[in-house]
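>>> Got a predicted structure here, sequence first:
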Amino acid sequence: MWRAIKALVFLTALAAIGLIGYAYVGPIFFAEDFAPPLEQVTQPVTLDLN
């Protein structure tokens, strides 16, 4: 049982390192742009002041 828990902790740490590495290196090697699309949204708001 202890061996399975160690493996799970190791795989979780490896996945976290991989995700952080992809966040830093992804835009360089995979030509991905992680910036959100910019567009202005305007919506009227009706306030009920009673």
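Yep, that arrived. Residues are numbered from 1 along each chain as shown.
>>> Just checking the distance from the helix or strand where Ile28 lies to the centre of its chain.
Counting by DSSP states H and E, the element that carries Ile28 is helix 2-29. Taking CA atoms, centre = their mean, to the nearest Å, one finds helix 2-29 lying 13 Å from the centre of the chain it belongs to.
>>> Quick one: mean pLDDT over it.
For helix 2-29, the mean pLDDT works out to 91.
>>> try stretch 41-50
Here stretch 41-50 scores 88 as its mean pLDDT.
>>> what comes into contact with it?
For stretch 41-50, there are no external contacting residues (CB atoms under 8 Å, 6 or more residues apart in numbering). In this view, the C-beta of every residue, glycine as well, is placed from N, C-alpha and C.
>>> just stretch 15-32 next, same as before
Residues contacting stretch 15-32 (CB under 8 Å, 6+ apart): 33-34.
>>> tell me, how many neighbours does Gly26 end up with?
Residues lying near Gly26 (other CB atoms under 10 Å) number 14.
>>> distance of it from Phe34?
Distance, Gly26 to Phe34, by CB to CB, to the nearest Å: 7 Å.
>>> same thing with Tyr22?
Counting by CB to CB - Tyr22 and Phe34 are separated by 10 Å.
>>> So which of those two has more stuff around it?
Tyr22 (14 against 8).
>>> and the more buried one, how far is that from Glu32?
Taking CB to CB, one finds Tyr22 at 9 Å from Glu32.
>>> neighbours of Thr46, just the number please.
4.
>>> For it, which three-state class applies?
Secondary structure state of Thr46, per DSSP: H, G, I helix; E, B strand; the rest coil, is coil.
>>> Okay, now stretch 24-43: how far is its last residue from its first?
Using CA to CA, to the nearest Å, one end of stretch 24-43 lies 35 Å from the other.
>>> buried ones in that stretch?
Neighbour counts over stretch 24-43 (16 or more other CB atoms under 10 Å) mark no residue as buried.
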